[in-house]
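> sequence isn't available, so here's the structure alone:
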């Protein structure tokens, strides 16, 4: 069975800091994976290296069986055609901690922008898809307002809709609720939960332990750039073997 | 008296045409050039950034008047003789592009990194990202300093007198010399004020239109 994402021996340093230290990870279609761990453990770097917002130093990343980047430990790059990288990257959608909505575009324009500009979709078709997505995230009534006029939770739901507008196979979520006021976290989690139920493949970097436990098929625990645990939520969080994980989990109970 | 004012105003206004056309040519020429240069500084190779840095240093660091002398009189030594209006337009465009380049550059650099990342995550190309996402926001932020530059430009056009061109200030000076009365200067001042007020009004309109999202 083809892995939808496969990372092999991925390393990334920020100066002397090992952000990713020989990371190996396989993701199957429809899987929901949460990445947890202390801050600075490399969770976000892992996620961002998949769609190349962070350029890895060495290792290999494949999407649906084809490489997007492959660098030997010696630093030799395998040549991968631009077109292939773009084609594979289009299978990835991303949701950011700080939403990163386009402030000069209305809610619906935020969603239709990339489909029309990048995928050359007919504006009317893109709008139809956008309206359906806005219905999914429950923001149809906000379609014509600018992002500055909506709450953080609503912004993040728009950002989710925007990512889905490109019809990705995989959704990468980088701490989607960390920048939100506590009372706004619920609505974003509810949206992600809905997507998980619809069998969207998702990788979520999060600090929401109970949420991670509830929606994830697998939980990955990272520390100092390494994956310390990778397994079922109850295994990783319920009876943690590693002392670092025990220590971390204790803080959240 | 009224008749004198009307006649003088009419005469001075004839010089106004030059002021306005030089303003228009400079604005139309320098803005696109400055945007291109700013993009070159922000995302071009290092040597380009450095070259443009030197360009800004020279043209912002020497008097516009001197630059005008160089291009109009100086170039004629090398056998390149430009018509006064061509020389003036060229000088003003190069000079103003240097200022505007730095203004646009700071505008572009003030845009949050997250905007680039969002665009990249949506697979936009560099050109799409700049054209659709970064520049609209960056240019909006640079409207107040651009308004300042435009006001300065209206007044700087008066420098063309030194290469023998007749703008509105020169007309006013001629009337003054002839009549030895202060009225032409007052009229010139009022015309300048009307022009700069127009500039301010236009920029306010642009700011309102581009700022609907805030």
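That came through fine. Note that the coordinates shown come from a computational prediction; the quantities given were computed from them, not determined experimentally.
> drop to CA atoms for contacts and neighbour counts, all remaining ones
Will do.
> what is the neighbour count of the residue nearest to residue A:77 when sequence neighbours are not counted?
Once flanking residues are discounted, residue A:77 sits nearest to residue A:71: 4.5 Å by C-alpha to C-alpha, 6 or more residues apart in numbering or on different chains. Other residues within reach of residue A:71, judged by other C-alpha atoms under 10 Å in any protein chain shown, total 19.
> residues in contact with residue A:71?
Residues in contact with residue A:71 (C-alpha atoms under 8 Å, 6 or more residues apart in numbering or on different chains) are A:57, A:58, A:59, A:60, A:77, A:78.
> would you show me how to pick out the buried ones of those in ChimeraX?
Paste this into ChimeraX to select the buried members of those, with burial taken from 16 or more other C-alpha atoms under 10 Å in any protein chain shown:
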select /A:57,58,59,60
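> could you point out the longest helix in the chain?
I'll assume chain A. Counting residues, the longest helix found in chain A (DSSP state H) is helix A:182-197.
> my question was about chain B, not that one.
helix B:2-43.
> so which bits of the helix or strand bottoming out on mean pLDDT in chain B are buried?
Every helix and strand of chain B was ranked by mean pLDDT, DSSP states H and E. The lowest is helix B:168-179, at a mean of 87. Using 16+ other C-alpha under 10 Å as the test for burial, helix B:168-179 gives B:168, B:169, B:170, B:171, B:172, B:173, B:174, B:175, B:176.
> what's next to the host helix or strand of residue A:156, contact-wise?
According to DSSP states H and E, residue A:156 maps onto helix A:152-165. Helix A:152-165 has contacts (C-alpha under 8 Å, 6+ apart) with A:93-96, A:99-101, A:107, A:110-112, A:114-115, A:126, A:129-130, A:133-134, A:137, A:139, A:147, A:171, A:176, A:179-181, A:184-185, A:187-188, A:191, B:122.
> residue A:245 against residue A:219, yeah?
No - the criterion here is C-alpha atoms under 8 Å, and residue A:245 misses it with residue A:219 at 11.8 Å.
> give the contact list for residue A:203.
So residue A:203 contacts A:32, A:33, A:34, A:35, A:47, A:170, A:171, A:172, A:173 (C-alpha under 8 Å, 6+ apart).
> in which helix or strand does the second one reside?
For residue A:33, the element it lies in under DSSP H and E is strand A:32-36.
> quickly run through the sheet partners of that strand, with directions.
As defined by DSSP bridges, the strand partners of strand A:32-36 come to strand A:201-205 (parallel), strand A:218-223 (parallel).
> for chain A, what are the nearby residues on chain B?
B:114-115, B:117-118, B:120-125, B:128, B:133, B:136-137, B:213-214 (C-alpha under 8 Å from any C-alpha of the partner chain).
> are any of these buried, and which?
B:114-115, B:117-118, B:120-124, B:128, B:133, B:137, B:213.
> show me what from the stretch 51-200 of chain A comes close to chain B.
Counting by C-alpha under 8 Å from any C-alpha, the residues of the stretch 51-200 of chain A that sit close to chain B are A:51, A:53, A:86, A:89-90, A:92-94, A:96, A:98, A:100-106, A:114, A:117-118, A:146-148, A:163, A:166.
> give the burial count for the closest residue in space to residue A:222 that isn't next to it in sequence, as a bare number.
Sequence neighbours aside, residue A:37 is the residue nearest to residue A:222 in space, at 5.0 Å (criterion: C-alpha to C-alpha, 6+ apart). Residues contacting residue A:37 under the criterion other C-alpha under 10 Å number 22.
> and the one 10 residues further on, by the same measure?
By other C-alpha under 10 Å, 20 other residues sit near residue A:47.
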